[in-house]
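Asks: Sequence and predicted structure, then a few things I'm wondering about:
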Amino acid sequence: LNDGTLTITDGEVGAVINQGTSGGATEVTLTAGDIASLTNTSGDAALNGGTVTGATTVAAGTVTNAGAAIATATTSGGTYTQSGGSATDLVNDSGTVNLDAGTATSLTNNATAGTSTVTDGQVTGTTTIDGGTVVVNQTTADADLELVGDTTLNDGTLTITDGEVGAVINNGGTFNLNASGVVQGTFTNNTAFTFSAGTLNDVINTSTFTGSGTNTVNGTFLNDGGTLELDPGANLTTGALTNQNGGAINIDTGETLNATVDNTGAGTTTTIAGTLVGGLTNQSGAQLVMSTGGNLNGTVTNTSDFDFNGGTVAAVDNNTGGDLDVTGMATVDGAFTNAGALDLANGSNLTIGAGGRGTLVNETGGVLTPGAGASTLTANLDLNAGSTLDMSEAPGSYTDTTLNVSGNATLNGEVELDVVLSSGSTLGDTIDVGGNIDGTVDLTFNISGGPDEIGQIDLITYGGSSALAFGTISNLPLFGAFEYFVED
């Protein structure tokens with residue numbers, strides 16, 4: 001069609017090529033019947049009904065679909081607007097696509113695409129974005145999804161201004177989620193993304209996910225080898241959060257994460273200098289790091305590597321296989337049980353309970369190891385039968401080790417101590433208890449020097465009363481030129 005108009009109200013025609021003058025009257029009108037294919041190189045075509053069984057190509061000009069059923073519509077410079085009807089595939093090579101109503105089975109924005117806008121129409125299948133821009137901006141609020149199937153963003157831009165979409169797979173490009181935008185399905189993030197507005201449900205993150213402002217992920221959050229971090233002052237709430245496969249969660253000073261965290265797998269880390277509101281399970285080779293000023297408002301259940309460098313935790317259950325190192329000024333507000341390895345570094349101070357009135361319970365199998373030098377337990381100590389307080393060094397060597405216990409101590413397990421039996425020695429490891437002591441303790445000595453005549457070596461001192469009894473005493477010479485005794 002080079003000039004004039006073509007109106008089809010019934011019947012079938014072959015391929016139609018519209019080369020009319022743009023800006024004037026509509027050159028091609030389909031109200032019923034069938035067109036084999038439509039190519040628009042200029043001018044305007046109106047599809048008010050009927051069928052286009054083959055391809056619709058909009059190289060220039062405008063094609064408006066108000067009620068026809070068409071197959072693939074491809075823009076390569078012109079504008080395709082759909083206000084009704086249906087399309088099997090919408091392809092934006094360049095130009096503009098407007099889906100204002102009706103349905104399309106799929107939407108593809110190729111690398112050279114322009115802008116595709118979905119208002120009150122619906123893409124029932126997949127949306128693929130390799131370039132250009134796709135905008136979702138409904139004008140009528142409803143519960144229907146504008147993009148129903150998976151939306152894959154490989155390059156270009158996806159902006160959800162207003163409306164709901166299904167699953168989004170973010171592989172690259174730019175994803176803008178505005179306040180009225182909703183991702184109803186799973187959001188899989190494989191590139192850097194900042195969550196500052198809108199609604200997300202389930203999230204899978206393999207790249208960098210940054211929480212900004214105050215926002216909520218309504219469903220579960222799987223940090224699968226990626227990094228979850230927060231902007232300064234941010235407050236992010238999620239459902240159950242799993243950090244695995246070498247993933248990292250970083251909560252810095254002034255930032256808050258509200259979640260129950262499962263920190264699992266070799267190379268996986270959670271570092272807290274801000275606030276985590278919720279419990280944390282640390283297992284299977286993962287690492288938890290509490291920094292000075294950090295606050296974990298929940299119970300830590302640990303069977304892996306826990307570096308307690310400072311800050312506060314609500315409660316700790318260090319189980320068999322757990323390796324917990326206290327290196328700074330650390331506080332546990334509630335219960336602290338240890339059935340794994342608990343190491344107190346020189347100069348560290350572990351406070352348990354309000355005012356240090358809580359109790360460290362060293363359960364059967366638990367090993368409490370104060371490092372060489374002096375460390376402080378601002379709490380009571382309950383050393384259960386079958387557990388160990390190990391203050392000894394390598395066999396035959398000695399380095400002064402002191403454990404200060406501010407409260408009471410019940411010693412029913414094994415205590416391993418270094419003593420020096422050289423002439424005149426008063427050197428030995430010391431447990432300094434501020435309150436009362438009781439229990440039946442087994443003592444195992446690591447001897448250096450001697451045997452020779454020594455002075456009095458104070459092993460356990462206390463500020464209150466003693467009802468302590470001694471069970472087995474191992475490795476202390478009891479016969480020969482010098483005899484040594486342990487007494488209260």
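Replies: Right, received. Where do you want to start?
Asks: list the contacts for N215?
Replies: By C-beta atoms under 8 Å, 6 or more residues apart in numbering, the contact set of N215 is F195, S196, A197, G198, A234, N235, L236, T237. C-beta: built from backbone N, CA, C; applies to glycine.
Asks: By neighbour count, which of the residues you listed wins?
Replies: L236 (26 neighbours; other C-beta atoms under 10 Å).
Asks: Would you confirm that that residue contacts V217?
Replies: Yes. Counting by C-beta atoms under 8 Å, V217 is a contact partner of L236 at 7.3 Å.
Asks: List the residues that are in contact with both of those two.
Replies: Counting by C-beta under 8 Å, 6+ apart, the contacts common to L236 and V217 are F195.
Asks: for stretch 188-196, which positions count as buried?
Replies: T188, N189, N190, T191, F193, T194, F195, S196 (16 or more other C-beta atoms under 10 Å).
Asks: To clarify, my last question referred to stretch 4-17.
Replies: For stretch 4-17, using 16+ other C-beta under 10 Å, the buried residues are L6, I8, V16.
Asks: Also stretch 379-386?
Replies: For stretch 379-386, using 16+ other C-beta under 10 Å, the buried residues are A379, N380, L381, D382, L383, N384.
Asks: Quick one: distance of it to the chain centre.
Replies: 35 Å (C-alpha atoms, centre = their mean, to the nearest Å).
Asks: dump the residue contacts of the closest residue to T359 other than its chain neighbours.
Replies: Spatially, and ignoring its direct neighbours in sequence, T359 is nearest to N380 (4.2 Å; C-beta to C-beta, 6 or more residues apart in numbering). By C-beta under 8 Å, 6+ apart, the contact set of N380 is I352, R357, G358, T359, L360, V405, G407, N408, A409, T410, G435.
Asks: And N380, what's its pLDDT?
Replies: Here the pLDDT value assigned to N380 is 98.
Asks: which residue ranges form the strands in the stretch 351-488 of the chain?
Replies: 359-362, 367-370, 373-378, 380-383, 388-390, 401-405, 409-411, 414-420, 430-433, 437-448, 460-462, 466-474 (DSSP state E, counting those that start in this stretch).
Asks: what does the last one contact?
Replies: Meaning strand 466-474. Contacts to strand 466-474, defined as C-beta under 8 Å, 6+ apart, come from residues 411, 436-445, 460, 486, 488.
Asks: ok, and the most crowded of these?
Replies: Among the contacts of strand 466-474, L411 has the most neighbours (other C-beta under 10 Å), with 27 neighbours.
Asks: give me the beta-bridge partners of it?
Replies: Per DSSP bridges, the residues bridged to L411 are L383.
Asks: so it touches S387, yeah?
Replies: No. With contact defined as C-beta under 8 Å, L411 does not reach S387; the gap is 9.9 Å.
Asks: ok, back up a step: closest to T140 out of the contacts of N215?
Replies: Using C-beta to C-beta, the shortest approach to T140 within the contacts of N215 belongs to G198, at 18.8 Å.
Asks: if I look at the closest one, how far off is T81?
Replies: 27 Å (C-beta to C-beta, to the nearest Å).
Asks: can you check G285 too?
Replies: Taking C-beta to C-beta, one finds G285 at 56 Å from T81.
Asks: Out of the strands of the stretch 351-488 of the chain, which gets nearest to D343?
Replies: It is, among the strands of the stretch 351-488 of the chain and with distance given as C-beta to C-beta, strand 367-370, at 4.8 Å.
Asks: buried set for that closest one?
Replies: Going by 16+ other C-beta under 10 Å, strand 367-370 has these buried residues: V367, L368, T369, P370.
Asks: Closest one to G449 out of those, please.
Replies: P370 (21.6 Å).
Asks: who does the closest one bridge with?
Replies: L344.
Asks: can you map out the helices along the stretch 51-200 of the chain?
Replies: Remark: helices of the stretch 51-200 of the chain are absent; assignment by DSSP state H, counting those that start in this stretch.
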